[in-house]
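Asker: Whatever this is, show me its structure:
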Amino acid sequence: MERARSRLTAGTLILDCEGLVKWCQADQRVTALVREAQDNDFRVVVSALTPVEAQDVRTKPDRLRWFLSRLRIEPVTEEISTAAIDLLRTHRLHGHKYAIDAVVASIALQAPKPVILLTSDEDDMTTLCGKTVKVVPV
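Answerer: Below is the predicted model of the structure:
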């Protein structure tokens with residue numbers, strides 16, 4: 001018998017580019033983390049920019065689309081954009097290099113708590129997110 005899903009989220013798991021790519025490549029650790037999050041009623045999300053960043057000729061478009069259909073894609077709204085700019089200014093980072101990280105961090109900071117962020121940029125994301133987001137290197 002399938003367990004009834006809660007209408008309320010228990011938290012949020014966010015995948016950055018590397019998290020999404022590893023999930024698409026069936027990385028055992030990332031797949032287990034995503035499955036555990038889903039089993040515990042966590043929202044699994046990516047920024048609308050993450051699939052653009054993850055696009056690679058080695059990743060088949062159909063496979064990427066299938067995995068994206070299994071999660072929530074958060075839009076980059078004016079509010080998220082403004083928050084990302086504020087993060088960049090606060091940490092004296094340049095948008096050219098850190099724009100997508102700042103957007104992902106802004107989404108993480110506004111997501112239902114607790115928030116776990118799977119990333120290959122542990123240092124940068126810890127700087128941007130502070131202690132309110134659990135940053136997990138992948």
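
Asker: And the helices in the chain?
Answerer: Along the chain, counting by DSSP state H, helices occupy 17-24, 28-39, 50-54, 61-68, 78-90, 95-110, 122-129.

Asker: among those helices, which is the most enclosed?
Answerer: helix 17-24 (a mean of 23; mean count of other C-beta atoms under 10 Å). Where you see a C-beta, it was placed from the backbone N, CA and C, and this is true even at glycine.

Asker: Run a quick neighbour tally on residue 116.
Answerer: 20 (other C-beta atoms under 10 Å).

Asker: ok, it - contacts?
Answerer: Neighbouring residues of residue 116 by C-beta atoms under 8 Å, 6 or more residues apart in numbering: 11, 12, 13, 14, 33, 37, 42, 133, 134, 136.

Asker: Using TSV, lay out these together with distance to residue 104.
Answerer: Putting the contacts of residue 116 into TSV (distance: C-beta to C-beta, whole Å) gives the following:
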residue	distance to residue 104
11	16
12	12
13	12
14	7
33	16
37	16
42	16
133	10
134	14
136	13
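
Asker: Mind checking which of those land in strands?
Answerer: Counting by DSSP state E, those place 11, 12, 13, 14, 42, 133, 134, 136 in strands.

Asker: Could you tell me which residues make contact with the second one?
Answerer: By that I understand residue 12. 42, 43, 44, 45, 108, 111, 112, 113, 114, 115, 116 are the contacts of residue 12 under C-beta under 8 Å, 6+ apart.
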